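> give me a 3D structure for the following:
(2 chains)
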Amino acid sequence: MDQVPTEAGLILAGVLFTLGLISVLIRRNIIFMLISVEIMLNAAGLAFVVAGAKWSQADGQVMFIFILTMAAAEVSVGLALILQIYHQLKTLDSDAANKMKG
Amino acid sequence: MQLAFYITSAIAVIATVMVITNHNLIHALLYLVVSFLAVAVVFYLLGAPFVAALEVIIYAGAIVVLIIFVIMMLNLKEEAVAQERQWLSRGIITGPALLSLVLLAELIYIIVGAQVAPSDAQIVDSKAVGMSLYGPYVIGVELSGILLMAGIVGAYHLGRQKKKIVHRFLEEEAS
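Numbers count the residues shown, from 1 in each chain, chains lettered A, B, ... in the order given. Down below sits the predicted model:
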């Protein structure tokens, strides 16, 4: 049974990460930026799992679980922030939130 | 098995491109679910079934549902799509996309150029992951618990609405 080459897995992780990076850079909608950060975190976890699978060790999967935990905490706090911004500014434009008025 | 990997990779990349080019938030989220499921299949093909299950349950399940709930709470109207279409003009896309693609090309060049020994990948089951997680990485598990606790407290604090003051004199004073 031929195995998946490590280079192909790493290149897939790099492509997904770059797509998330492009989306963070070009979007102005805050929810889309949060989704893009999720894509980037997922790609980073994919790179860990690919590297762990190359050596048949569990460490890559352990790191993926930590990334998953961090993504869950990050998305909950981020969505609470988005709700507050939408209630105060009545828009999802990230440029509208550039004044720090408390 | 390699063919399955390449097909799944193509699905993941195409779904992610649809996510980042879509104007409608809900459609983008549905494509995001497809992308996460494709990555879960990639995990399974790499011999990591436990992580594949976690990807489906937490990423495609919990996180996307959380975002959908928040979108429902925001109650966006039709003009949100038109505004998104206006924000996402071609001139804005080209610069960041070109620079990021140059970075990606360099990364692929480095990965392809490196001499990597052929891997002897075999399935790492959930028992090995658990033994590693609660053995050498137990401090990481405890720190993750602290992080999740901070996330709960932070989300509660930020998501709380200000209490409405009903007395008119107090309201003038507060505002």
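> for the residue nearest to the spatial centre of chain B, give me its contacts.
Closest to where the C-alpha atoms of chain B average out (C-alpha atoms, centre = their mean) is residue B:59, at 6.6 Å. With contacts defined as C-beta atoms under 8 Å, 6 or more residues apart in numbering or on different chains, residue B:59 is in contact with A:38, A:42, A:68, A:71, B:36, B:40. Heads up, the C-betas are built off the backbone N, CA and C, glycines and all.
> could you redo the last one with a cut-off of 10 Å?
Residue B:59 makes contact with A:38, A:41-42, A:45, A:68, A:71-72, A:75, B:32-33, B:35-37, B:39-40, according to C-beta atoms under 10 Å, 6 or more residues apart in numbering or on different chains.
> the bottom helix or strand of chain B by mean pLDDT?
helix B:168-174 (a mean of 60; mean pLDDT, DSSP states H and E).
> helices or strands next to whichever helix or strand residue A:34 is part of in the packing?
Secondary structure from DSSP states H and E places residue A:34 in helix A:30-55. Packed against helix A:30-55 by the contact rule (3 or more C-beta pairs under 10 Å, 6 or more residues apart in numbering or on different chains; DSSP states H and E) you find helix A:6-26, helix A:59-89, helix B:2-21, helix B:25-45, helix B:49-54, helix B:64-74, helix B:79-87.
> which parts of it are buried?
Within helix A:30-55, the residues that count as buried by 16 or more other C-beta atoms under 10 Å in any protein chain shown are A:30-54.
> any idea of the angle it forms with helix B:64-74?
180 degrees (axes from the mean of the first three to the mean of the last three C-alpha atoms, to 10 degrees).
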